[in-house]
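Peer 1: What follows is a predicted protein model with its sequence.
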Amino acid sequence: MAVSFGTARNPGGDGHGGGHGHGHRPHDGTFIEHPTVKLYVQTYVLLLILLVITVALYGIDLSRWIPWHGINLLVAMVVAVTKAYLVLRNFMNVKGSTRLIWLWAALGFIWLLLMGGVFLDYQTRVNPLGWQPERPSLIQTGPRSPEAPATNPAAGVATPGDVPAGVQEPAPEQTPATSHP
Amino acid sequence: MSLRAVTAAAASASRGGDHAGGDHGGVMTPTLYHQFEDVEQQNESYLVGMWTCLVQEIMFFGALFLAYTVYRAAYPATYLDAHKFLSITWGTVNTLLLLTSSFTMVMAVNANQHRKTMSVAAWLSVTILLSLGFLGVKTIEYSNKFHEGLWVGNFNYAQANTMYLQHHGGKAHHEAKDVYPYFPSVRELATGYSLNSVQPGATSTPGVEMTPAGPFTSYQGPPGDVEYWSKRAKLFFSLYFAMTGLHAVHIIIGILMMSVLIGLAVRKHPYVTQDYMPTEMVGLYWHFVDIVWIFLFPLMYLIS
């Protein structure tokens, strides 16, 4: 049985039926209701199962069946989000809280979604040479050479950690996903 | 008279004669502060305050996760290579410890709601023990990184690689052997642009030759060129120490808050005997720390 504390916001009025927290009124987000030990144990067991799945996934190459190399990361993230959802819903008792708390709990994650959107936008703006400073001469440590071209694409390869010029990139053994059977 | 004294006096006054001492069961009578209509509204306000704190924590960690994502999308092969230095066994043990500590934390909250004050102290003590275990494992991991040469000041990827190969009997990691798999980035999926669309053996134009050196390529680096990987692996370990270090700081703060709660419970303070919200709010914080780790574990330790 759910445990409830305190009194209803409007005792004796408007549709709460005067139940006053004896655990029988349906939870409609207008009062705080607490989970039972049974739910806590169930959640904990589920979390452990998901942990086993997370670790097991590391040893299994799902791209053998689904021809995309990001599939393992995707599934791992789905499992992680499920774990986080279980913790939020049952351990942090967002489920049993009021609507105001639901909104507050969702706010941070909505912000994360917005941030993810900004990231996706950034990722779609291809610059094959990478993003270079507009005027490389400004960040050079040595004396400026006035004849150094600011926007020469050839100068654009001078990113930190570059492959030395002339080193040929080895061809990847795996072909792109689209050519998988 | 201090606020705490007022609270204690009000609580003991409302408690009446029946409930003197650490009683089990019965109805809680938390102090109702004058600005609130009833206890339910007061509790809701506490929760909104705590969630506001957690929302800023989500934004705080979210920025770090974004940095992780941007660099992982740019250097997936580097992340794959660098993660081999993290112990999956220790990572799994730590996840298990944190998940269990979250469970013991909700049991503490549950005991508090049923006015079992001594059980609250007991469950919180178990939670602290588990989190100390977590910090112990983290200490082992960090000192390993120090000896391998992956620590903040003495970054030496070549040394770490040599030690890694010695430790693994000269065999390379089962995933990072010599094939770095093609991993299309989000950018490539969205645009269809891919460096790997250049087929092996095809003569590339001078422009295309330059592109693998740019920062946004999905396939990088000659395998085995430690110098090449070293420069990029710095990114991974910088993020690793920043994110797990910050997480560990949160664990330490959680331990301090739980210690205070145990002290209150042992002294039968009305904050614990007559109210459960302080325990609930420490619990919310603790579960948030757990959630951060739920994401850190697969992102740092289980890159495949």
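Peer 2: Perfect, I can see it now. The shown structure was predicted, so the numbers you read here are calculated from the model rather than taken from an experiment.

Peer 1: need the helices for the stretch 151-300 of chain B, in chain order.
Peer 2: For the stretch 151-300 of chain B, the helices defined by DSSP state H, counting those that start in this stretch cover B:157-167, B:186-191, B:206-210, B:226-266, B:270-273, B:277-296.

Peer 1: chain center to the last one: distance?
Peer 2: Between the centre of helix B:277-296 and the centre of its chain there are 10 Å (C-alpha atoms, centre = their mean, to the nearest Å).

Peer 1: helices or strands up against it?
Peer 2: Identification of packing neighbours for helix B:277-296 by 3 or more C-beta pairs under 8 Å, 6 or more residues apart in numbering or on different chains; DSSP states H and E yields helix A:71-86, helix B:39-74, helix B:88-113, helix B:117-148, helix B:226-266, helix B:270-273. Every residue, glycine included, has its C-beta placed from N, CA and C.

Peer 1: any idea which helix or strand of chain A has the worst average confidence?
Peer 2: Ranked by mean pLDDT, DSSP states H and E, the helix or strand of chain A with the weakest confidence is strand A:3-4, at a mean of 50.

Peer 1: what's downstream of that strand, the next helix or strand?
Peer 2: Proceeding C-terminally, strand A:3-4 gives way to strand A:33-34 as the next helix or strand, assigned by DSSP states H and E.

Peer 1: name the helices or strands packed onto that next one?
Peer 2: Strand A:33-34 is packed against strand A:3-4, with contacts defined by 3+ C-beta pairs under 8 Å, 6+ apart.

Peer 1: So which residue is dead centre in chain B?
Peer 2: B:W293 (3.0 Å; C-alpha atoms, centre = their mean).

Peer 1: looking at it, it is touching B:T95, isn't it?
Peer 2: Yes. B:W293 lies in contact with B:T95 (C-beta atoms under 8 Å); the separation is 6.5 Å.

Peer 1: quick check, the longest helix that chain A contains touching chain B?
Peer 2: For chain A, the helix reaching the highest residue count under DSSP state H is reported as helix A:99-124. Yes. Using C-beta under 8 Å from any C-beta of the partner chain, helix A:99-124 reaches chain B at A:100-101, A:104-105, A:107-109, A:111-112, A:115, A:119-120, A:122-124.

Peer 1: Any quick PyMOL command for the buried ones out of these?
Peer 2: The command below creates a PyMOL selection of those among the residues of helix A:99-124 next to chain B that count as buried (16 or more other C-beta atoms under 10 Å in any protein chain shown):
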select buried, chain A and resi 101+104+105+107+108+112+115+119+123
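
Peer 1: wait, which of the residues of helix A:99-124 next to chain B is closest to B:F134?
Peer 2: The shortest approach to B:F134 among the residues of helix A:99-124 next to chain B belongs to A:G108, at 23.4 Å (C-beta to C-beta).

Peer 1: State the distance from the residue lying closest to the closest one once chain neighbours are set aside to B:I291.
Peer 2: In this structure, A:G108 finds its nearest non-sequential neighbour in B:I58, 3.3 Å apart by C-beta to C-beta, 6 or more residues apart in numbering or on different chains. B:I58 sits 9 Å away from B:I291, going by C-beta to C-beta, to the nearest Å.

Peer 1: The two: who's more crowded?
Peer 2: B:I291 (25 against 21; other C-beta atoms under 10 Å in any protein chain shown).

Peer 1: Show the low-confidence segments of chain A, by residue range.
Peer 2: A:1-24, A:126-181 (pLDDT under 70).

Peer 1: on that earlier part again, weakest of the helices of the stretch 151-300 of chain B in terms of mean pLDDT?
Peer 2: Note on those: helix B:206-210 shows the lowest mean pLDDT, a mean of 34.

Peer 1: Can you give me the pLDDT of the residue of the stretch 1-150 of chain B found nearest chain A?
Peer 2: Nearest residue of the stretch 1-150 of chain B to chain A: B:I58, at 3.3 Å (C-beta to the nearest C-beta). For B:I58, the pLDDT comes out at 95.

Peer 1: Tell me how far the nearest residue to A:A84 once chain neighbours are set aside lies from B:Y271.
Peer 2: Leaving out its chain neighbours, the residue that sits closest to A:A84 by C-beta to C-beta, 6+ apart is B:I291, at 4.8 Å. Going from B:I291 to B:Y271 by C-beta to C-beta gives 26 Å.

Peer 1: right, and B:V48 touches A:W102 too?
Peer 2: No. Counting by C-beta under 8 Å, A:W102 is not a contact partner of B:V48; they are 11.1 Å apart.

Peer 1: out of the two, which sits in the busier spot?
Peer 2: Higher neighbour count among B:V48 and A:W102: B:V48, with 17 against 14, using other C-beta under 10 Å.

Peer 1: contacting residues for the more buried one?
Peer 2: Contacts for B:V48 (C-beta atoms under 8 Å, 6 or more residues apart in numbering or on different chains) come out as A:L100, A:I101, A:W104.

Peer 1: related to what we said a few turns ago, and the longest helix of chain A, what does it pack onto?
Peer 2: On a contact count with 3+ C-beta pairs under 8 Å, 6+ apart, helix A:99-124 meets helix B:39-74, helix B:186-191.

Peer 1: Out of those helices, the one nearest B:T29 is which?
Peer 2: Ranked by C-beta to C-beta, the member of the helices and strands packed on helix A:99-124 that lies closest to B:T29 is helix B:39-74, at 8.5 Å.

Peer 1: The closest one vs helix A:71-86, what angle?
Peer 2: Using axes from the mean of the first three to the mean of the last three C-alpha atoms, to 10 degrees, the inter-axis angle of helix B:39-74 relative to helix A:71-86 is 170 degrees.
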